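Peer 1: I'll drop the sequence and a predicted model, then ask my questions.
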Amino acid sequence: MDNLGITINALMLVCLLLGLSLLSKSHLLVVSLILIISSLFLGIIFYHVEFSNKHALVDVEGLKNNPRVISYLFQTVAFGFASAMIFLLPPFIFEQLYHLGVGKTGFLVLGAPAGLVLFSRISGKINDGSKNKSFSHFGLGIIILSLIFLLLLTPSWPYLFLTLGLFIYGIGGGYFQPANIASIMQASPMEMQGSTGALQRMVQNVAISAGSAVGSTCLNLWSSNLLLATRIGWFITLVLVILSLKELMPFKMTNKQ
């Protein structure tokens with residue numbers, strides 16, 4: 001058992017998640033940044049320890065030689081981050097900008113999960129496994145459109161437009177998520193699939209925590225201007241999702257060599 005790798009990984013995640021959770025508290029900003037930077041240093045140590053370990057917790061060497069998996073994992077991070085924003089910000093918009101009650105808000109925010117569940121089933125039925133990459137990109141494209149729509153949203157628009165934007169996001173998520181998971185499994189060698197699947201779930205959970213922390217920070221920093229706070233949150237998410245669509249240059253160079 002890779003006890004050293006498990007310990008370093010646990011410390012890295014604790015520092016990262018604790019740092020992110022404190023990010024929205026202005027009086028603890030320095031502590032938060034120290035914890036986040038510490039998690040990055042621990043991540044570098046974890047990389048070097050696992051790279052030379054034959055019984056590594058994460059097959060770092062295998063991932064380094066498989067840039068497609070890294071690319072798909074980056075898309076997983078973008079989706080997890082975006083999902084956190086999608087579930088965090090809209091209730092504030094409904095309640096504070098549209099002045100709706102809790103019950104009505106709880107019903108209207110179901111747009112995203114409804115679209116996600118419905119189109120996950122639809123995409124699963126029409127994808128035989130050969131369309132995973134195209135479905136992933138198509139789903140991310142729809143998510144980008146939904147984020148642009150939400151970025152342009154103003155309180156003068158009917159509140160149902162916000163629910164529509166959430167539903168469009170759910171459509172994109174429904175196409176993306178099953179295809180992304182399948183792509184990661186297909187791109188991983190048989191002996192790596194177990195650890196890669198666990199890594200996929202871990203990075204998605206960390207991305208969700210990061211999205212929640214960034215969203216909370218936006219709400220706290222611009223508490224007097226909720227519309228600005230949510231737009232900054234949507235913009236950060238939009239940039240991250242767009243970046244996840246592009247192959248990174250080192251990957252392209254590796255593939256050519």
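Peer 2: Received, thanks.

Peer 1: CA only for contacts and neighbour counts going forward, please
Peer 2: Will do.

Peer 1: can you list the domains in the protein?
Peer 2: 1-57, 62-256 (automatic domain parsing).

Peer 1: who does the helix or strand that contains Gly174 touch, helix- and strand-wise?
Peer 2: Following DSSP states H and E, one finds Gly174 within helix 160-187. Contacts defined by 3 or more Cα pairs under 8 Å, 6 or more residues apart in numbering; DSSP states H and E place helix 160-187 against helix 67-92, helix 111-126, helix 132-152, helix 193-221.

Peer 1: Phe235: which of those helices is closest?
Peer 2: Smallest distance to Phe235 across those (Cα to Cα): 6.9 Å, for helix 132-152.

Peer 1: With only the CA atoms kept, save the closest one in PDB.
Peer 2: What follows is helix 132-152 as a C-alpha-only set of coordinates in PDB (Å, rounded to 0.1, in the frame of the first residue of the first chain):
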ATOM      1  CA  ASN A 132     -18.300  10.100 -26.800                       C
ATOM      2  CA  LYS A 133     -15.900  12.800 -27.900                       C
ATOM      3  CA  SER A 134     -18.400  14.600 -30.100                       C
ATOM      4  CA  PHE A 135     -21.100  14.400 -27.400                       C
ATOM      5  CA  SER A 136     -18.600  15.800 -24.800                       C
ATOM      6  CA  HIS A 137     -17.800  18.800 -27.000                       C
ATOM      7  CA  PHE A 138     -21.400  19.300 -28.000                       C
ATOM      8  CA  GLY A 139     -22.400  19.300 -24.300                       C
ATOM      9  CA  LEU A 140     -19.700  21.800 -23.400                       C
ATOM     10  CA  GLY A 141     -20.800  23.900 -26.300                       C
ATOM     11  CA  ILE A 142     -24.400  24.100 -25.000                       C
ATOM     12  CA  ILE A 143     -23.000  24.800 -21.500                       C
ATOM     13  CA  ILE A 144     -21.100  27.800 -23.000                       C
ATOM     14  CA  LEU A 145     -24.200  29.100 -24.600                       C
ATOM     15  CA  SER A 146     -26.100  28.800 -21.400                       C
ATOM     16  CA  LEU A 147     -23.400  30.700 -19.500                       C
ATOM     17  CA  ILE A 148     -23.400  33.500 -22.100                       C
ATOM     18  CA  PHE A 149     -27.200  33.700 -21.700                       C
ATOM     19  CA  LEU A 150     -26.900  33.900 -17.900                       C
ATOM     20  CA  LEU A 151     -24.200  36.400 -18.200                       C
ATOM     21  CA  LEU A 152     -26.400  38.700 -20.300                       C
END
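
Peer 1: Right, I'll call it a day here.
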